Structures are given as structure tokens and as C-alpha cells.
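Student: Following is a predicted model, sequence given first.
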Amino acid sequence: MGITKLADLIRMDAPGAILHKDISDYTGKVIALDTAIVINQCRSAVPSLNFSLLTGLFFRTLTFLEHDIKPVFVFDGKPPGEKRAVLEKRAEVLGWSSPKRTGEASPQTKDCLHLLKLLGVPIVQAPGEGEAMCAQLVKEGTVDAVASEDMDTLPFGGNILVRQLNAKRDSDVVEYSLPKMLDILKITHEEFVDLCILLGCDYCDKIAGLGPRRALALIQQHRTIENVILHINRKTHPVPHFWQYQEARKLFLDAPQAVAPILVWTEPDEEALVQFLCHTKHVKEHRVRGRMEKFRQTRVKKRADREEELASGRSRQTRMEDFFRVTRKRQQVADTLDPVSSKGKKAKRK
């Protein structure tokens with residue numbers, strides 16, 4: 001789930017914290033990937049695209065590498081007990097078996113680990129939540145950004161979050177800056193964590209009936225959840241019984257830390273990949289060989305193009321639409337966040 005409607009709130013109230021980019025803008029960058037998100041996306045693609053999880057992960061990783069992006073795959077450790085209900089509900093909705101909470105890797109995860117090693121990309125095992133480890137890596141400067149579709153990286157303290165990082169021709173890569181957002185909203189990181197809890201997170205319930213903009217206004221005015229509770233109408237906004245917001249706050253602010261690893265990338269081992277994917281997992285060999293050949297050709301061409309640009313003094317210029325790009329469903333988002341204000345505007349236009 002991540003943080004409920006946080007992306008919409010930032011888009012409307014702190015648009016200066018967002019940049020719209022292309023995948024080529026991340027050439028040469030070290031990007032930490034929340035692997036759980038990548039795996040879930042590959043799993044979801046199975047029915048419609050007839051791809052297995054492993055072939056999806058294989059194709060996607062090569063896409064990053066041929067753009068000279070240096071991916072770092074971060075795996076979840078043992079999830080906190082506060083997340084149990086969310087994990088079970090998520091598994092039920094997606095039709096998966098009940099998730100394990102021991103922190104031990106499943107056979108499917110072990111296959112993914114083996115595949116990534118054969119592709120030559122570094123793997124990081126988080127002590128707890130993968131998003132927290134990703135945030136630590138970007139805060140320490142080990143990586144340049146975190147790529148994830150969940151917004152949890154921001155309350156964990158990740159300075160740069162990238163969403164929709166893929167190679168689709170019309171894809172709109174969206175980059176969020178935590179420092180810029182805090183500055184625009186005039187709140188501290190601790191206050192931002194309280195805002196995320198009020199919006200709705202994976203670790204506890206939320207106050208019913210409290211919309212995103214109302215939650216932001218209350219935090220900007222009262223600064224802590226404790227003070228917010230004192231200034232809301234308990235009848236219209238009932239506070240959950242035995243509300244574990246303090247535990248959720250601690251999970252975001254005091255997540256388990258790990259020693260930053262030494263990151264090493266090597267060339268993909270094509271013969272070992274064929275042995276594993278084709279002879280062990282029964283993927284068609286022509287698919288693996290064909291994708292590897294395309295990978296080599298594409299990477300050579302892209303590198304040649306960049307060298308030519310550097311030699312001629314040209315570089316990719318920022319396009320005007322990068323600054324003024326129309327955001328999808330902008331008015332719909334505004335109506336969702338502030339329906340009363342939107343209705344008033346519509347009435348005035350009539």
C-alpha cells in the first residue's frame with residue numbers, strides 16, 4: 001500500500017519537489033531497487049504477457065544495464081509484526097499463498113537471487129524492510145536514488161525516490177526530492193513521518209475521515225500527532241482504539257541499520273544464464289540468446305552515441321515540457337484531495 005495519497009498530495013502542494021525525466025537521465029547512476037516491488041510487478045505480468053517471474057526479472061535487469069544504469073537489488077529481511085495484517089491482506093487480494101514472516105528466503109526468492117548473481121549485479125540483504133535499507137543507502141551516498149513504486153522510502157528518509165523507471169517509449173519517470181518537499185511544506189522530517197501516519201501507512205490504522213490536505217494542515221499547525229488528537233472532533237474523526245502510531249513512528253525513524261556494502265558489477269555470464277534459465281527452468285533458449293545479443297548491440301550503440309555527443313560538445317537538453325508537463329488526471333486529483341474547494345470552483349464557473 002505504501003503511504004495513502006502521498007504522491008497526489010505532493011503533486012498538488014509541493015510540485016517543486018517533483019521532476020519528470022527519461023530513463024536516459026539515469027545513465028551512469030547507481031540506483032537501489034526495492035526488489036519486492038520489481039518481483040511483484042513481474043508476477044503481475046505473468047497472466048497477460050506469458051512471462052515467468054524469472055524471465056521478467058531477466059529482461060528488466062538487462063534494460064537497466066544497457067542504459068548503463070547500475071542497479072542494486074535490495075531484498076527484504078524479516079518484516080515487523082506491525083505489518084502482518086497488511087501482508088496477509090495483500091496476499092489474499094493477489095491470490096498468493098500467505099506470506100512468510102520468518103525473514104527466510106522462499107525457493108522463488110532464491111531463484112531470483114541466483115539469477116541476479118549470474119547477471120552480475122550487486123545484491124543487498126536488508127535487516128528489516130527493504131525500503132528502509134534503500135533509504136539508508138541513498139542517505140549515505142552509496143547510491144544516487146531509490147527506484148520503487150511505494151512512497152515508503154520518503155518517510156524512511158530516502159532523499160531521492162524514482163517511480164516508473166522503465167524503458168517504455170512514452171514513459172514518464174517521476175523523481176521526488178525529500179529535502180525540497182520538506183522545505184516547500186515547511187515541516188521537519190519527524191513531522192513528515194507523522195503526516196504519513198495520518199495519511200495511512202502499512203504499520204497502523206489511521207484516523208477515519210481525515211483527508212490528505214486536512215492532515216497536512218493539522219501537522220503544519222500542530223506539529224505532532226499528539227497535538228493533532230487534541231484539536232480534532234473525535235465524533236467526526238474517531239481515533240482508533242489502541243492506536244499504534246508511536247510504534248509506526250519508531251519504525252520509520254529508527255529502522256534497523258546495516259553496514260553499507262561494497263558494490264561490484266560484473267558482465268552477465270551468458271552461458272551460465274542459459275544453463276540456469278533454459279536447462280533448469282525450461283525457458284526457450286532462443287529467447288535468452290536473442291535478448292543477450294540485443295543487450296550487447298544496444299549497449300554498444302548507446303555508448304557510441306554518448307561518445308559522439310561528448311566529442312561534438314552536444315548534450316541532452318532539458319525540454320520545456322519537462323517543466324510544464326501536464327500531469328495525468330490533475331483535476332481529478334485536486335477534486336479527490338479537496339472536494340469542497342473543487343465544488344466551489346465549479347459553481348463559480350457556471
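Tutor: Great, that's in hand.
Student: got the contact list for the closest residue to Asp22 other than its chain neighbours?
Tutor: Distances taken as C-beta to C-beta, 6 or more residues apart in numbering place Val173 nearest to Asp22, at 6.2 Å, with adjacent residues excluded. Any C-beta I mention is one placed from the backbone N, CA and C, and that applies to glycine too. Counting by C-beta atoms under 8 Å, 6 or more residues apart in numbering, Val173 touches His20, Lys21, Asp22, Ile23, Asp25, Tyr26, Val162, Arg163, Gln164, Leu165, Asn166.
Student: Contact partners for the closest residue to Val264 other than its chain neighbours?
Tutor: Spatially, and ignoring its direct neighbours in sequence, Val264 is nearest to Pro122 (6.0 Å; C-beta to C-beta, 6+ apart). Going by C-beta under 8 Å, 6+ apart, Pro122 touches Val72, Phe73, Pro261, Leu263, Val264, Trp265.
Student: same question, Asp111
Tutor: Leu53, Leu54, Lys281.
Student: Of the residues you listed, keep whichever come out buried.
Tutor: Leu53, Leu54 (16 or more other C-beta atoms under 10 Å).
Student: From the contacts of Asp111, pick the one nearest Thr224.
Tutor: Leu53 (42.7 Å; C-beta to C-beta).
Student: Check the spacing between the residue nearest to the closest one when sequence neighbours are not counted and Gly120 real quick.
Tutor: Once flanking residues are discounted, Leu53 sits nearest to Cys42: 4.8 Å by C-beta to C-beta, 6+ apart. Separation of Cys42 from Gly120 (C-beta to C-beta, to the nearest Å) stands at 19 Å.
Student: higher neighbour count, those two?
Tutor: Ranked by neighbour count (other C-beta atoms under 10 Å), Cys42 and Gly120 place Cys42 first, with 21 against 14.
Student: Go over the secondary structure and confirm that one is in a strand.
Tutor: No - counting by DSSP: H, G, I helix; E, B strand; the rest coil, Cys42 is not part of a strand but helix.
Student: ok, it touching Leu57?
Tutor: Yes - using C-beta atoms under 8 Å, Cys42 is in contact with Leu57, at 5.5 Å.
Student: which one is Leu230 nearest to, not counting chain neighbours?
Tutor: Leaving aside its sequence neighbours, Leu230 sits nearest to His222 (C-beta to C-beta, 6+ apart; 7.6 Å).
Student: Next: Thr55.
Tutor: Per C-beta to C-beta, 6+ apart, closest to Thr55 is Val283, 5.6 Å.
Student: and if you look at Lys180?
Tutor: Lys180's closest residue in space is Ala17 (C-beta to C-beta, 6+ apart), at 4.1 Å.
Student: Relative to Ile10, how far out is the one you found?
Tutor: From Ala17 to Ile10 the distance is 6 Å (C-beta to C-beta).
Student: Give the residues shared as contacts by the two.
Tutor: Listed as contacting both Ala17 and Ile10 by C-beta under 8 Å, 6+ apart are Tyr176, Met181.
Student: quick revisit: which of the contacts of Pro122 sits closest to Pro238?
Tutor: Nearest to Pro238 among the contacts of Pro122, with distances taken as C-beta to C-beta, is Phe73, at 41.7 Å.
Student: Just give the nearest non-adjacent residue to the closest one, would you?
Tutor: Thr35 (4.7 Å).
Student: Next, count neighbours for the one you found.
Tutor: Neighbours of Thr35 using other C-beta under 10 Å come to 25.
Student: now Ala208
Tutor: Neighbour tally, Ala208, other C-beta under 10 Å: 10.
Student: so what's it closest to, chain neighbours aside?
Tutor: Pro238 (5.5 Å).
Student: Touching, the one you found and Lys206? I think so.
Tutor: No - with contact defined as C-beta under 8 Å, Pro238 does not reach Lys206; the gap is 10.8 Å.
Student: the more surrounded of those two?
Tutor: Of the pair Pro238 and Lys206, Lys206 is the one with more neighbours under other C-beta under 10 Å, namely 20 against 12.
Student: re earlier: gap between the residue nearest to Ala208 and Arg214?
Tutor: Counting by C-beta to C-beta, the gap between Pro238 and Arg214 amounts to 15 Å.
Student: so who does Asp30 touch?
Tutor: For the record, residue 30 is Val, not Asp. Val30 neighbours (C-beta under 8 Å, 6+ apart): Lys70, Val72, Thr142, Val143, Asp144, Leu263.
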